[in-house]
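With the sequence up front, the predicted model follows.
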Amino acid sequence: MKFVSAIIKPFKLDEVREALSNLGVQGITVTEVKGFGRQKGHTELYRGAEYVVDFLPKVKIEIAIQDDLLDQVIEAIEKSAATGKIGDGKIFVFNLEQVYRIRTGETGVEAL
Amino acid sequence: MKKILSMFALVTMLGLGFTGNTFAEDAAPVADAVATQTAPAADAAAIPATEVAPAEAAPAAAPAPVPNKGDTAWMLISTVLVTLMVIPGLALFYGGLVRQKNMLSVLMQVFMIFSLMAVLWTIYGYSVAFTGGSQFFGGLSKAFLAGITPDSLGATFSKGVYIPELVFVGFQLTFAAITPALIVGAFAERMKFSAILLFMAIWFTFSYLPLAHMVWYWDGPDAITDAASLETVVANAGWLWAKGALDFAGGTVVHINAGVAGLVGAIMVGKRIGYGKEALTPHSLTLTMVGAALLWVGWYGFNAGSNLEANGYAALAFVNTTIATAAATLAWSFTEWSLRGKPSMLGAASGAVAGLVAITPACGFVGPMGAIVIGLLVSPICYFFVAKVKYWLGYDDALDVFGIHAVGGIFGALATGVFVNPALGGAGVVDYVANGVAAYDFGAQMTAQVYAVVTAIVLSAVVSFIAFKIVDVLIGLRVSEEAEREGLDTSAHGERAYHN
């Protein structure tokens, strides 16, 4: 099993969710996050005070999937989250040791 | 805290001590209640021939004048409007500009200062500002509003026209309450709440009240019938009124006064932790816009209400208030747009307030085109102070009380002297002896305006400096570093503005 964590542009969330649902992904966790990468921040001006805002708002999505779905999931996120401009985000892939469904006690792929 | 309470107790006792005289003195001259007080610099009154005739034709045994219900209603509404400027308006305008962790502290400071000043005003403030005494400080004959009943009359700017004195008391109360509240923006996010209240009580007593007396106290138009009586009125009037300084609605009394106190406060309280290093960004410009809008609406009561009558001069002040503010809003936005590349919402709101400040002393004296010029010029000047001078000099006037209120107020006071000129479309200054518009003299008028500006700056700076020193010794000015980092909402008031 794999655990995929992707940082994307906030306005791309709906497209990404739809692309993943079409693949049969059963659940997504979404978190609003801030951070910086190669995309530069922006400058804010309040009367005379000028502030450089380094941390930009992004959305982090996390999904747990079975191994054979990985390539399709990566491709789906890459396609749906891309704008071609700097700041589109990153995808991190981890090996997932175990999963438990709290309600039934199922484990492994059954619990995904 | 104990020290503050004892201060208040002292003030109250002083007040009580004076009441004895009060009743004794007031029992005698009933005419006193009729003639005294009245605000905005003399002269803006409308004196159409129809009104003058009956007033002059009614000497000796005429019955006491009856206040016009329209005037009274307008002044009650104006009083409500000025209250609207403070408790929701100014509080939200300032509140939106601070960080989230200090939102309630600012709302609370404005709310409490309004309430404290309202009480002090009725105990001794009204009497000190609006009874005769010296040219600099009134007396205590109306302390505790002694002798003022629903039948007491207050003068306006027209001969023979009166409003209930209680309306005037209430209207002027709101001015006395907003002025100290304006100051809190300068040292927002770091000053002790108890220190603020004590400072405000001292500053109100020794800076606001004397200046209001100096600028606005006179015996009223009916006291002037000929050159000799004019001399008597001038001799009894406040120092700056006697100099001929024009301040229709409080450019010197309110804005320069508060702005200078703000500058002294910003310097003496010191910079906020992280100033110049961390982002000290406004937490809600939405609320700031709401506050600015309430200020604008409320300012109609402040400016047009300062005419004390619902007539053409009130309409002039009303229209001038709108267009000067609109012009200043445009000017600030275009200044910012051309210099910084983007026109900001905060810039528009700041421009509106700068325009309102600058037109305040001028609103009943200048013509509409003069008002446009005042609005267009004040914004670039204030912008320069707010965006440049503040950083060159390195003081942390957190919400730009000095840069907008003092600078805009000084500009407005001087511009009033220029644009009151009938040749520039101004309404001119009323001559109550000849019952017409007096001849305009640029040199004399500007001299009077400069007197008023310098007096306001010096008085407020000296009183503020001493008051901050006293408060520093008694209770200390700043909260602890820990409390400042935590935010004043939880550290000083035990609550949070928002629960996410």
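That came through fine. Numbers count the residues shown, from 1 in each chain, chains lettered A, B, ... in the order given.

can you count the residues close to B:Ala118?
17 (other C-beta atoms under 10 Å in any protein chain shown). For glycine as for every other residue, the C-beta is placed from the backbone atoms N, C-alpha and C.

what about B:Lys342, which helix or strand?
According to DSSP states H and E, B:Lys342 maps onto no helix or strand at all.

So which elements touch the helix or strand bottoming out on mean pLDDT in chain A?
When the helices and strands of chain A are scored by mean pLDDT, DSSP states H and E, strand A:49-53 comes last with a mean of 88. Counting contacts by 3 or more C-beta pairs under 8 Å, 6 or more residues apart in numbering or on different chains; DSSP states H and E, strand A:49-53 packs against strand A:42-46.

contacts for the longest helix along chain A?
For chain A, the helix reaching the highest residue count under DSSP state H is reported as helix A:70-81. With contacts defined as C-beta atoms under 8 Å, 6 or more residues apart in numbering or on different chains, helix A:70-81 is touched by A:2, A:4, A:6, A:8-9, A:12, A:15-16, A:18-20, A:22-23, A:25, A:63, A:65, A:88-89, A:91, A:93.

so who does B:Val433 touch?
The contact partners of B:Val433, by C-beta under 8 Å, 6+ apart, come to B:Ile224, B:Thr225, B:Asp226, B:Ala227, B:Leu230.

List the ones among the residues you listed that fall in helices.
B:Ala227, B:Leu230.

And the strands in chain A?
Here chain A has its strands, by DSSP state E, at A:2-8, A:29-35, A:42-46, A:49-53, A:56-65, A:89-95.

Neighbouring strands of the fourth one in the sheet, and parallel or not?
Meaning strand A:49-53. Strand A:49-53 pairs in its sheet with strand A:42-46 (antiparallel), by DSSP bridges.

Can I get the least confident helix or strand of chain A in CSV? Just the C-alpha atoms.
Extracted as CSV, the C-alpha positions of strand A:49-53 are listed here (Å, rounded to 0.1, in the frame of the first residue of the first chain):
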residue,chain,number,x,y,z
ALA,A,49,4.4,49.4,5.7
GLU,A,50,5.6,46.9,3.2
TYR,A,51,5.6,43.2,4.0
VAL,A,52,6.9,40.3,1.9
VAL,A,53,4.7,37.4,2.3
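
Show me which residues of it are buried.
Residues A:Ala49 are the ones in strand A:49-53 that count as buried (16 or more other C-beta atoms under 10 Å in any protein chain shown).

So which bits of chain A are right by chain B?
Chain A comes close to chain B at residues A:Glu44, A:Leu45, A:Tyr46, A:Arg47, A:Gly48, A:Ala49, A:Tyr51, A:Val53, as judged by C-beta under 8 Å from any C-beta of the partner chain.

how many other residues sit next to the third one?
Spelled out, that is A:Tyr46. Residues near A:Tyr46, counting by other C-beta under 10 Å, number 18.

and what of the first one?
A:Glu44 has 15 neighbouring residues, counting by other C-beta under 10 Å.

Do I have it right that it meets B:Thr281?
Yes: counting by C-beta atoms under 8 Å, A:Glu44 touches B:Thr281, with 6.7 Å between them.

picking up where we left off before, top of the contacts of B:Val433 by neighbour count?
Busiest of these [other C-beta under 10 Å] is B:Ile224, holding 23 neighbours.

What score does that residue have for pLDDT?
pLDDT for B:Ile224: 94.

Assess the claim that B:Cys206 and B:Phe465 are in contact.
For residue B:206 the amino acid is Phe, not Cys. No: using C-beta under 8 Å, B:Phe206 makes no contact with B:Phe465, being 11.4 Å away.

Which one of the two is surrounded by more residues?
More crowded of B:Phe206 and B:Phe465, by other C-beta under 10 Å: B:Phe206, with 19 against 15.

so what's that one up against?
B:Val463, B:Ala467.

Any stretches of chain B with poor pLDDT?
For chain B, the stretches flagged by pLDDT under 70 are B:1-62.

try it again with 50
B:1-59 (pLDDT under 50).

now chain A
The model of chain A has no residue with pLDDT under 50.

what about 90?
Flagging of chain A using pLDDT under 90 yields the residue ranges A:26, A:37-43, A:48-50, A:52-54, A:112.

Near the residue of it found nearest chain B, how many residues? Count them for me, please.
Closest contact between chain A and chain B, by C-beta to the nearest C-beta, is at A:Gly48 (3.1 Å). By the measure other C-beta under 10 Å, the count of residues near A:Gly48 is 18.

now swap in B:Tyr391 and tell me
13.

Repeat that for B:Val167.
There are 22 residues near B:Val167, going by other C-beta under 10 Å.

got it, and B:Gly154?
By other C-beta under 10 Å, neighbour count at B:Gly154 equals 27.

cool, the one 4 residues further on as well?
Here the count is done by other C-beta under 10 Å, and B:Ser158 has 26 residues near it.
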